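Trainee: From the sequence below, what's the structure:
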Amino acid sequence: MRKIQVHLKDHSYDILVASGLSRKLPELIRPFRRQGKTLVLSDTTVHRLHAPVFAKLKNADTHFFFIKPGETSKTLKTIEQILSFMLKNRFDRSSLLVAVGGGVVGDMGGFAASLFMRGIPYIQVPTNLLSQVDSSVGGKTGVNHALGKNLIGSFYQPKAVFIDPEFLKTLSNKEFQNGFAEVIKHGIIRDKKLFLVLEKNLCRIFKRDPALLSLIVAENCAIKAAVVSCDEKEQGLRAILNFGHTFGHAIETLTRYRTYSHGEAVMLGMKAATLCAASLNLVPLTHASRILALLIQSGMPEKAQLAPAAVYNAMFLDKKVRGNKLLLVLPTAIGSGTQINSPEKAAVLAGIRAITDG
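Mentor: Numbers count the residues shown, from 1 in each chain. You can find the predicted model right below:
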């Protein structure tokens, strides 16, 4: 078992990564349960695929709430339904919420926990690659808005994160690829050694080699934990983890979360950001070429059918915009990046035109 700690001033917590960990969930959760009830939040697909996990969690004080899978459920309306369910079933401040699912379930579970009676504890049990390597760690919670992705939410840290790489066996290739975008992101912007592992072992990774996947999941959690420990609420360093996301979120918003998965949009965003960096002479062309090659080999989609001007304008709804000025994370080499405030419009549009065909 690999234990990784997120070091925070008032609420540090552990991330446990081990194959078969989901079979021990009842005993792992027990120390966090107080006198109140427990809500297990998930989606209908995860419940269907992993019914034995949920069966082990059943007891008189545990209730289950299942949402429809996908970004279209990530709304304030669904949050209200969750909170209403908890109120009707007499949950209180001693209650616990356990989010068992992917990024949508984890984000919404954390947000609901932060709101219910001004905050109850919650635990993350991520079940797909995206949530295991990225979204379950760091306490970003929230929902989407018609004008943009993740614009409504809070920073609210879990009490623990329990990760079982065996969950990844049931993912479709598309869903696995969706999460792999975040793995690539960490390699490009933060860890040269990880990038080299991805370059050399892509076939083994997509064949779901168990030992390699466990290593990759743990290493990505360690990268994210280290950054969050330094900058919990994204006042500086943590923004580096948004590489590709300003472009990607614009694509998701304009296509109403129906055309591209989050990972596909972020892959396109990383391509745009890399070419933007190349236009600004920030990254060596040899490094840019390797980044683009890995993205292509990992299944990056073709150009989005969107107008470049529309994507550019949508980027200004990003949470990192300050004073109507873009803040972009751009690579400077494989394994490192920088934040550029108000980059040249021509360079940004050059990146956008490379990923759009509108």
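
Trainee: The stretch 101-250 of the chain: strands as residue ranges?
Mentor: Using DSSP state E, counting those that start in this stretch, the strands assigned to the stretch 101-250 of the chain run over residues 122-126, 140-145, 148-155, 160-163.

Trainee: how about these in JSON lines, adding mean pLDDT, distance to residue 13 and mean neighbour count?
Mentor: In this view, the C-beta of every residue, glycine as well, is placed from N, C-alpha and C. Output for the strands of the stretch 101-250 of the chain, formatted as JSON lines (pLDDT from 0 to 100; distance: least, Cβ to Cβ, whole Å; neighbours: other Cβ atoms under 10 Å):
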{"stretch": "strand 122-126", "mean pLDDT": "98", "distance to residue 13": "9", "mean neighbour count": "29"}
{"stretch": "strand 140-145", "mean pLDDT": "96", "distance to residue 13": "14", "mean neighbour count": "22"}
{"stretch": "strand 148-155", "mean pLDDT": "94", "distance to residue 13": "14", "mean neighbour count": "18"}
{"stretch": "strand 160-163", "mean pLDDT": "98", "distance to residue 13": "5", "mean neighbour count": "24"}
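
Trainee: Tell me which of these lies nearest to residue 79.
Mentor: strand 140-145 (6.1 Å; Cβ to Cβ).

Trainee: So in that sheet, which strands flank that closest one, and in what orientation?
Mentor: Here strand 140-145 is paired, per DSSP bridges, with strand 148-155 (antiparallel).

Trainee: what angle sits between the strand or helix carrying residue 15 and strand 122-126?
Mentor: Element membership for residue 15 (DSSP states H and E) is strand 13-17. The directions of strand 13-17 and strand 122-126 differ by 20 degrees, with axes from the mean of the first three to the mean of the last three Cα atoms, to 10 degrees as the criterion.

Trainee: Which strands or helices does the helix or strand that strand 13-17 is followed by pack on?
Mentor: Sequence order places helix 25-29 as the next helix or strand after strand 13-17, per DSSP H and E. Helices and strands touching helix 25-29, by 3 or more Cβ pairs under 8 Å, 6 or more residues apart in numbering; DSSP states H and E, are helix 51-57, strand 160-163.

Trainee: helix or strand right after helix 25-29?
Mentor: Counting by DSSP H and E, what follows helix 25-29 is strand 38-43.

Trainee: Can you give me the domain assignment for this protein?
Mentor: Domain assignment for the chain by automatic domain parsing gives 2-170, 173-353.

Trainee: and the residue nearest in space to the middle of the chain, what is it in contact with?
Mentor: When Cα atoms, centre = their mean is applied to the chain, the residue found nearest the centroid is residue 135 (3.1 Å). Taking Cβ atoms under 8 Å, 6 or more residues apart in numbering, we find residue 135 in contact with 102-103, 106-107, 126, 182.

Trainee: cool, residue 319 as well?
Mentor: With Cβ under 8 Å, 6+ apart, residue 319 has these contacts: 148, 150-151.

Trainee: Also residue 220?
Mentor: Contacts of residue 220 (Cβ under 8 Å, 6+ apart): 132-134, 182-183, 186, 194.

Trainee: how much space is there between the residue nearest to it when sequence neighbours are not counted and residue 158?
Mentor: Excluding its sequence neighbours, the residue lying closest to residue 220 (Cβ to Cβ, 6 or more residues apart in numbering) is residue 133, at 3.7 Å. Note on residue 133: its distance to residue 158, by Cβ to Cβ, to the nearest Å, is 16 Å.

Trainee: low pLDDT regions in the stretch 151-300 of the chain?
Mentor: Along the stretch 151-300 of the chain, no part satisfies pLDDT under 70.

Trainee: Would you map the helices across it?
Mentor: 173-189, 192-200, 202-206, 210-230, 245-254, 262-279, 285-297 (DSSP state H, counting those that start in this stretch).

Trainee: Can you add distance to residue 98 and give the ones you listed back as JSON lines?
Mentor: As requested, the helices of the stretch 151-300 of the chain are exported to JSON lines (distance: least, Cβ to Cβ, whole Å):
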{"stretch": "helix 173-189", "distance to residue 98": "21"}
{"stretch": "helix 192-200", "distance to residue 98": "30"}
{"stretch": "helix 202-206", "distance to residue 98": "29"}
{"stretch": "helix 210-230", "distance to residue 98": "19"}
{"stretch": "helix 245-254", "distance to residue 98": "27"}
{"stretch": "helix 262-279", "distance to residue 98": "23"}
{"stretch": "helix 285-297", "distance to residue 98": "35"}
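
Trainee: Nearest to residue 305, out of those helices?
Mentor: Taking Cβ to Cβ as the criterion, residue 305 comes closest to helix 245-254 out of the helices of the stretch 151-300 of the chain, the separation being 9.9 Å.

Trainee: what packs against the closest one?
Mentor: Against helix 245-254 (3+ Cβ pairs under 8 Å, 6+ apart) you get strand 148-155, helix 262-279, helix 308-314, strand 327-333.

Trainee: Mind listing residues that contact that helix?
Mentor: 71, 147-150, 260, 262, 265-270, 272-273, 304, 306, 310-312, 314-315, 317-318, 320, 326-329, 351-352, 355.

Trainee: ditto for stretch 305-312
Mentor: By Cβ under 8 Å, 6+ apart, stretch 305-312 touches 247, 250-251, 254-255, 304, 345, 348-349, 352-353, 356-358.

Trainee: No more questions from me, cheers.
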